[in-house]
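K.L.:
here's my sequence, what's the structure:
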Amino acid sequence: MSTLAPGRERAASLTPVFVRLKLSLIRNGLKGSSKRKAAYVSSLVFALVVAFFVTLGLAMLHGNAHAGTVVVLLAAILAVGWAFMPLFFPTGDETLDPSRLVMLPLRPRPLVRALFASSLVGIGPLFTLCLAAGSAIAVARGPVGALAAVLAAPLLLLGCVALARAVATANVRLLTSRKGRDLAVLSGLLIAVGGQAANFGSQRLFQSGGLAQLEPAEAVVRWLPPATAVGMVDSASEGSYGVAAAQLAVTLAALALLLWSWERSLTKLMVSPDGSTLAVAESAASGKAERDGGFWSLMPGGRTGAAMRRTLRYAVRDPKTKSAWVTALAIGVIVPVANALQGTGSLYLACFGAGMLGIQMYNQFGQDTSAFWMVAQTISTPRDAFVELRARSYALALVTVPYTVLLTVVTAALVGNWRDFPAATGLALALLGSMLCTGALASARFPYSIPSDGAFKNVAPGQAGLAWIGIFGGMLTSALICAPVIALTIYADVADQRFLAALLLPLGAGWGVLATWAGLRLAAPTVARKLPEILVAVSKG
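P.N.:
So this is what the prediction gives:
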């Protein structure tokens, strides 16, 4: 017995140590930086203000017929947020990576308890507890309901935190890898897409009967933990004590299962080697096969094929370039499709997607950063510069042209307007070609550096003016270049010239090709002449 006491004492004292460590991390993170301190204080104040008003609003739902539907679905949304937000913002909590504790003599179970307790310290848990309390108050009726509410609020918080920790620990290799950083870069886009989906869903919801339409979904969600904690309060308030007891049992069982899964993942993480070197070895072994076959075998030979490969690899591997591409692709779909689904769409909104993708041609050399010196070493004549720019435009067209046509097809199907499909497609391709033209000119005359640090910092200090001039000046110029096709499209629609409208598809495509060729020809001599200036401009980040 005496030999076990020291171990038990150390295990028992581990939890307060980790809580103090979490508080020290928060306190020390605010030292030496007034901006960081201001950001933290403003975040805390904002969270408390929002939590107060949301909690007050939930409490005011007390007695409403749809209060149970609202709070149960809100609990499910909270759980989803806790589960996946750490994957998109892994740097928000330094304790999310337990692999930092591998070298310490810590057992998994006491470590889980300590990390679990430290996870309850912070703005997020406080905000969640306020919402959980408001949700419980909204549906609590009678003494049994009040007792269930006292249990439900902490259980909902514990379930959310345990879910977040279990998912984060199972994906800790992802959080600390390049893919994890990519998720952080793309988080803003995902939030924007989710917000648009929520906006569209709420509009359709209130147009088709209000919250009553959500009752079937709520009947299912109230049995999914940790939303079962709030469902338990509603059931107990209605006198369904057996159902409430079952929901409490499901909540406790899910919490125990999450803690067990977390402990198992933690144990595996502590004793398993990092497999990143194996991935590198496999990549090196398969590198020759990748170069010799597959998709890359379709690329042309010589400088053109090499430059196309480099551009496409940037789009797949570089976080900033990938973020720009995915943002353009997603927003290009959201605008025409969302408007079409809301009944306010137009087939010509498909041109918005072409414009978003055409922007990717701007600042082509900025994505190379200081590595542009290797490209500059291979350019000695305007012909070399022309081939380099042409290859980059080929790589963009390889994605943008099929995307533009497909987006126009989808929009035409949603709005039911196939008569204007040739004209809209031709106009979109002409706009895309015009933007490739101005993008090449802007890349040659207004290059700027893209910083590698900071997920949301895309222009080096002092170069914001170059970025604005290049992008907005290029967009206005693209509209002027595309003006003849725009005028023909308007004339064909007003005069109901069906034959002319059908001809606009090949005319628009041909105009886009001609505009791209002219832009590359005009930009190539400038690139060949200003290689040192371009290198200096793109190397400041």
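K.L.:
can you pull the contacts of residue 532?
P.N.:
Residues near residue 532 by Cβ atoms under 8 Å, 6 or more residues apart in numbering: residue 376. Any C-beta I mention is one placed from the backbone N, CA and C, and that applies to glycine too.
K.L.:
what helix or strand is residue 131 located in?
P.N.:
Per DSSP states H and E: residue 131 is located in helix 123-139.
K.L.:
so after that helix, what's the next helix or strand?
P.N.:
For helix 123-139, the following helix or strand on the C-terminal side (DSSP H and E) is helix 142-170.
K.L.:
so for that next one, what gets flagged as buried?
P.N.:
Neighbour counts over helix 142-170 (16 or more other Cβ atoms under 10 Å) mark 144-145, 148-149, 151-153, 155-170 as buried.
K.L.:
and if you look at stretch 409-427?
P.N.:
Neighbour counts over stretch 409-427 (16+ other Cβ under 10 Å) mark 410-412, 414-415, 417, 420-427 as buried.
K.L.:
can I get the residues you listed in JSON lines including pLDDT?
P.N.:
Below are the buried residues of stretch 409-427 laid out as JSON lines (pLDDT from 0 to 100):
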{"residue": "410", "pLDDT": "89"}
{"residue": "411", "pLDDT": "88"}
{"residue": "412", "pLDDT": "88"}
{"residue": "414", "pLDDT": "86"}
{"residue": "415", "pLDDT": "86"}
{"residue": "417", "pLDDT": "84"}
{"residue": "420", "pLDDT": "85"}
{"residue": "421", "pLDDT": "88"}
{"residue": "422", "pLDDT": "89"}
{"residue": "423", "pLDDT": "89"}
{"residue": "424", "pLDDT": "89"}
{"residue": "425", "pLDDT": "91"}
{"residue": "426", "pLDDT": "91"}
{"residue": "427", "pLDDT": "91"}
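K.L.:
CSV for these, including secondary structure and distance to residue 72?
P.N.:
As requested, the buried residues of stretch 409-427 are exported to CSV (DSSP: H, G, I helix; E, B strand; the rest coil; distance: Cβ to Cβ, whole Å):
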residue, secondary structure, distance to residue 72
410, helix, 35
411, helix, 37
412, helix, 40
414, helix, 33
415, helix, 36
417, coil, 41
420, coil, 46
421, helix, 45
422, helix, 50
423, helix, 49
424, helix, 44
425, helix, 46
426, helix, 51
427, helix, 48
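K.L.:
out of those, who's nearest residue 63?
P.N.:
Nearest to residue 63 among the buried residues of stretch 409-427, counting by Cβ to Cβ, is residue 414 at 41.9 Å.
K.L.:
give the burial count for the residue nearest to that closest one when sequence neighbours are not counted, as a bare number.
P.N.:
Here the nearest residue to residue 414 in space, its sequence neighbours aside, is residue 340; by Cβ to Cβ, 6 or more residues apart in numbering that works out to 3.7 Å. Neighbourhood size, residue 340 [other Cβ atoms under 10 Å]: 22.
K.L.:
element containing residue 340, please.
P.N.:
Using DSSP H and E, the element containing residue 340 is helix 319-341.
K.L.:
please apply the same query to residue 345.
P.N.:
Short version: residue 345 belongs to no helix or strand, going by DSSP H and E.
K.L.:
separation between the closest residue to it other than its chain neighbours and residue 346?
P.N.:
Of all residues not flanking residue 345 in the chain, residue 339 sits nearest, at 3.9 Å (Cβ to Cβ, 6+ apart). Residue 339 sits at a distance of 7 Å from residue 346 (criterion: Cβ to Cβ, to the nearest Å).
K.L.:
can I see the domain layout of the chain?
P.N.:
5-189+208-273, 301-538 (automatic domain parsing).
K.L.:
deepest-packed of the ones you listed, please.
P.N.:
Mean neighbour count (mean count of other Cβ atoms under 10 Å) peaks for domain 301-538 among the domains of the chain, with a mean of 19.
K.L.:
wait, residue 72 sits on residue 220?
P.N.:
No: counting by Cβ atoms under 8 Å, residue 220 is not a contact partner of residue 72; they are 9.7 Å apart.
K.L.:
thinking again about what came up before, packing partners for the helix holding residue 340?
P.N.:
In terms of contacts (3 or more Cβ pairs under 8 Å, 6 or more residues apart in numbering; DSSP states H and E), helix 319-341 is packed against helix 178-207, helix 302-317, helix 350-358, helix 382-415.
K.L.:
now do stretch 362-382: distance from first to last residue.
P.N.:
19 Å (Cα to Cα, to the nearest Å).
K.L.:
could you do stretch 133-145 as well?
P.N.:
End residues of stretch 133-145 are separated by 13 Å (Cα to Cα).
K.L.:
likewise stretch 357-373?
P.N.:
So stretch 357-373: terminal residues 26 Å apart, Cα to Cα.
K.L.:
do the same with stretch 52-67
P.N.:
In stretch 52-67, first residue to last residue: 18 Å (Cα to Cα).
K.L.:
what's that stretch in contact with?
P.N.:
By Cβ under 8 Å, 6+ apart, stretch 52-67 touches 70-71, 74, 130-131, 133-135, 137-141, 210-212, 215.
K.L.:
switch the cut-off to 7 Å
P.N.:
70-71, 130-131, 133-135, 137-139, 211 (Cβ atoms under 7 Å, 6 or more residues apart in numbering).
K.L.:
on that earlier part again, so which elements touch the helix holding residue 131?
P.N.:
For helix 123-139, the packing partners by 3 or more Cβ pairs under 7 Å, 6 or more residues apart in numbering; DSSP states H and E come out as helix 34-60, helix 67-88, helix 142-170, helix 228-237.
K.L.:
can you list the neighbours in contact with the shortest one?
P.N.:
It stands for helix 228-237. Here helix 228-237 makes contact (Cβ under 7 Å, 6+ apart) with 68, 71-72, 75, 135-136, 139-142, 144-145, 148-149, 152, 155-156, 159, 222-223, 243-244, 247-248, 250-251.
K.L.:
state the mean pLDDT of it.
P.N.:
For helix 228-237, mean pLDDT rounds to 89.
K.L.:
ok, now the third one?
P.N.:
For helix 142-170, mean pLDDT is 88.
K.L.:
and that helix, how far out from the chain's middle?
P.N.:
Per Cα atoms, centre = their mean, to the nearest Å, the displacement of helix 142-170 from the mean C-alpha position of its chain is 28 Å.
K.L.:
that one - contacts with which helices or strands?
P.N.:
So helix 142-170, by 3+ Cβ pairs under 7 Å, 6+ apart, packs with helix 67-88, helix 108-119, helix 123-139, helix 228-237, helix 241-271.
K.L.:
what about 6 Å?
P.N.:
Where contact means 3 or more Cβ pairs under 6 Å, 6 or more residues apart in numbering; DSSP states H and E, helix 142-170 is packed against helix 67-88, helix 123-139, helix 228-237, helix 241-271.
K.L.:
orientation of the last one relative to helix 228-237 in degrees?
P.N.:
Okay, so that is helix 241-271. Per axes from the mean of the first three to the mean of the last three Cα atoms, to 10 degrees, the angle that helix 241-271 makes with helix 228-237 is 170 degrees.
K.L.:
next: the first one.
P.N.:
Angle, helix 67-88 to helix 228-237, by the same axes, to 10 degrees: 170 degrees.
K.L.:
helix 123-139 and helix 67-88, what's the angle between them?
P.N.:
170 degrees.
K.L.:
and what of the shortest one?
P.N.:
With the same axes, to 10 degrees defining the directions, helix 228-237 sits at 20 degrees from helix 123-139.
K.L.:
using PDB, write out every CA atom in helix 228-237.
P.N.:
Extracted C-alpha coordinates of helix 228-237, given in PDB (Å, rounded to 0.1, in the frame of the first residue of the first chain):
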ATOM      1  CA  THR A 228     -29.400  14.400 -25.400                       C
ATOM      2  CA  ALA A 229     -28.500  16.500 -22.300                       C
ATOM      3  CA  VAL A 230     -30.900  19.300 -23.400                       C
ATOM      4  CA  GLY A 231     -33.400  16.800 -24.600                       C
ATOM      5  CA  MET A 232     -33.400  15.200 -21.200                       C
ATOM      6  CA  VAL A 233     -34.600  18.500 -19.600                       C
ATOM      7  CA  ASP A 234     -37.400  18.800 -22.100                       C
ATOM      8  CA  SER A 235     -38.500  15.200 -21.500                       C
ATOM      9  CA  ALA A 236     -38.400  15.600 -17.800                       C
ATOM     10  CA  SER A 237     -40.400  18.800 -17.900                       C
END
